[in-house]
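K.L.:
missing the sequence, but the structure's below:
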């Protein structure tokens, strides 16, 4: 249950960071018409997802390398 709560909290934080941080940056890149404003939020969420995947991959690799070092030190 604690894991599900953490995932929900992380999802909410990522959504609002996308809304208030990434969207204004992308809006300065030329999203000015009404039609493109719908795509702005979608593209902001995609950019946030890409950086989230990169961050999780880096954290996972660091954890895997630590586990490998622990196994090698036991031998």
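P.N.:
Sure, I can see it. As the structure is a prediction and not an experimental result, all values here were calculated from the model.
K.L.:
switch to C-alpha atoms for all contacts and neighbour counts from now on
P.N.:
OK.
K.L.:
give me the mean pLDDT for stretch 67-75.
P.N.:
For stretch 67-75, the mean per-residue pLDDT is 89.
K.L.:
now do the host helix or strand of residue 62: which elements does it pack against?
P.N.:
For residue 62, the element it lies in under DSSP states H and E is helix 34-74. Contact here means 3 or more CA pairs under 8 Å, 6 or more residues apart in numbering; DSSP states H and E; on that basis helix 34-74 packs against helix 23-27.
K.L.:
got any ranges where this structure has weak pLDDT?
P.N.:
The chain contains residues with pLDDT under 70 at 31-37.
K.L.:
residue contacts, the residue nearest the centre of the chain?
P.N.:
For the chain, the residue lying nearest the average C-alpha position, counting by CA atoms, centre = their mean, turns out to be residue 52 (2.3 Å). Residues in contact with residue 52, defined by CA atoms under 8 Å, 6 or more residues apart in numbering, are absent; none qualify.
K.L.:
separation between it and residue 17?
P.N.:
Between residue 52 and residue 17 the distance is 12 Å, computed by CA to CA, to the nearest Å.
K.L.:
before we move on, what about residue 25?
P.N.:
Here residue 25 is placed at a distance of 12 Å from residue 17 (CA to CA).
K.L.:
and those two? Which one has more around it.
P.N.:
Summary of the neighbour comparison: residue 25 and residue 17, criterion other CA atoms under 10 Å, with residue 17 having more neighbours (15 against 12).
K.L.:
in three-state terms, label the more buried one for me.
P.N.:
Classification of residue 17 by DSSP: H, G, I helix; E, B strand; the rest coil places it in helix.
K.L.:
distance of it from residue 45?
P.N.:
Residue 17 is 9 Å from residue 45, where distance means CA to CA.
K.L.:
helix or strand: which one has residue 9?
P.N.:
Mapping residue 9 onto the secondary structure by DSSP H and E places it in helix 2-17.
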